[in-house]
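J.: Model the following, please.
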Amino acid sequence: MLHPLRSAWGALALGALTLGISASVQAEQQDPALVKEGEALYKQNCEVCHQPDAIGKPGFAPSLTNPELLSIASDKFFMSTIRDGRPGTGMPPFSHLGRKKVRAIVAYLRSHSQLPNRSAEVDAQPRAIGDPRLGKVLFENICSTCHGPKGDGYAAGGTGTAIGKPGFLSKVSDGFIRETIKYGRSNTRMRGFRGPDALANLTDQEIEDIIAYLRTLQTK
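T.: Model (predicted):
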């Protein structure tokens with residue numbers, strides 16, 4: 001068993017290392033040359049679907065510069081999505097760009113950030129514990145209007161993205177889904193579903209049930 005003082009020093013060292021990495025990543029994202037390179041790459045590869053300044057287009061391609069998205073999505077989420085695409089949707093893979101160019105695109109997207117980056121905190125949230133059967137009913141009654149009956153997104157004629165596809169579910173944490181359902185995305189059609197002013201005042205448990213149901217779609 002580690003001595004308490006040694007454990008405390010270890011925790012402090014780990015925290016310092018994490019802060020160092022975060023500061024390094026933040027500096028890279030704020031590098032004007034990298035952001036400029038990312039903007040050029042974005043215009044060449046992404047703008048045709050995601051529109052200028054990555055504001056997106058309902059029913060066609062999501063916003064990538066939405067404040068809430070940039071706040072809860074990690075660089076890993078963005079990079080892996082660009083690299084792998086989203087099978088079964090209109091988002092193709094861009095692995096041919098290579099890691100350096102993909103990082104530049106992410107730096108460009110991050111240059112639009114308006115809120116603190118909470119992605120590490122969000123991804124560290126506990127896994128959802130819910131009843132997928134109840135979640136299925138809630139999803140069909142509330143979420144399917146935009147995201148389609150099986151979460152197929154635009155392919156089902158909705159204005160929401162394909163949140164029922166493995167390409168999405170394999171890249172997001174339960175915390176990411178939880179935050180999105182609760183608070184939504186400003187300046188988009190994805191409104192929050194938690195609280196008296198929300199589209200539907202879902203309880204915390206009902207949100208857990210929806211997440212549990214979505215996870216059953218991950219392998220289908």
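J.: What values do phi and psi take at the residue nearest the centre of the chain?
T.: By Cα atoms, centre = their mean, the chain has its centre lying nearest to residue 73, at 4.2 Å. Phi and psi for residue 73, reported as degrees, to the nearest 10, are phi -90, psi 130.
J.: Could you pull up the residues touching the residue nearest to it when sequence neighbours are not counted?
T.: Excluding the flanking residues, the one nearest residue 73 by Cβ to Cβ, 6 or more residues apart in numbering is residue 119, at 5.9 Å. The way it works is simple: take the backbone N, C-alpha and C, and place the C-beta from them, glycine included. By Cβ atoms under 8 Å, 6 or more residues apart in numbering, residue 119 lies in contact with 71, 72, 73, 74, 75, 77.
J.: re the thing from before, any idea how far the residue nearest to the centre of the chain is from residue 144?
T.: Noted for residue 73: a distance of 24 Å to residue 144, by Cβ to Cβ, to the nearest Å.
J.: give the contact list for residue 132.
T.: With Cβ under 8 Å, 6+ apart, residue 132 has these contacts: 209, 212, 213, 215, 216.
J.: one step back: output the contacts of residue 119 as CSV; include the columns pLDDT, secondary structure and distance to residue 160.
T.: Shown next, in CSV, are the contacts of residue 119 (pLDDT from 0 to 100; DSSP: H, G, I helix; E, B strand; the rest coil; distance: Cβ to Cβ, whole Å):
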residue, pLDDT, secondary structure, distance to residue 160
71, 98, helix, 20
72, 98, helix, 17
73, 98, coil, 17
74, 98, coil, 22
75, 97, helix, 24
77, 98, helix, 18
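J.: What residues sit buried inside the helix or strand where residue 210 lies?
T.: Element membership for residue 210, per DSSP states H and E: helix 204-216. Within helix 204-216, the residues scored as buried using 16 or more other Cβ atoms under 10 Å are 206, 207, 208, 209, 210, 211, 212, 213, 214, 215.
J.: would CSV of these with pLDDT and distance to residue 170 be doable?
T.: As requested, the buried residues of helix 204-216 are exported to CSV (pLDDT from 0 to 100; distance: Cβ to Cβ, whole Å):
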residue, pLDDT, distance to residue 170
206, 97, 24
207, 97, 20
208, 98, 20
209, 98, 21
210, 98, 18
211, 98, 14
212, 98, 16
213, 98, 16
214, 98, 12
215, 97, 11
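J.: Pop the domain breakdown of the chain in here.
T.: As assigned by automatic domain parsing, the chain contains the domains 31-117, 122-216.
J.: How far off centre is the first one?
T.: In other words, domain 31-117. Taking Cα atoms, centre = their mean, to the nearest Å, one finds the center of domain 31-117 at 11 Å from the center of the full chain.
J.: before we move on, what about stretch 117-128?
T.: 11 Å.
J.: Contacts only, for the closest residue to residue 147 other than its chain neighbours.
T.: In this structure, residue 147 finds its nearest non-sequential neighbour in residue 160, 3.9 Å apart by Cβ to Cβ, 6+ apart. Contacts for residue 160 were tallied using Cβ under 8 Å, 6+ apart; they are 143, 146, 147, 148, 153, 154, 189, 190.
J.: Sounds good, over and out.
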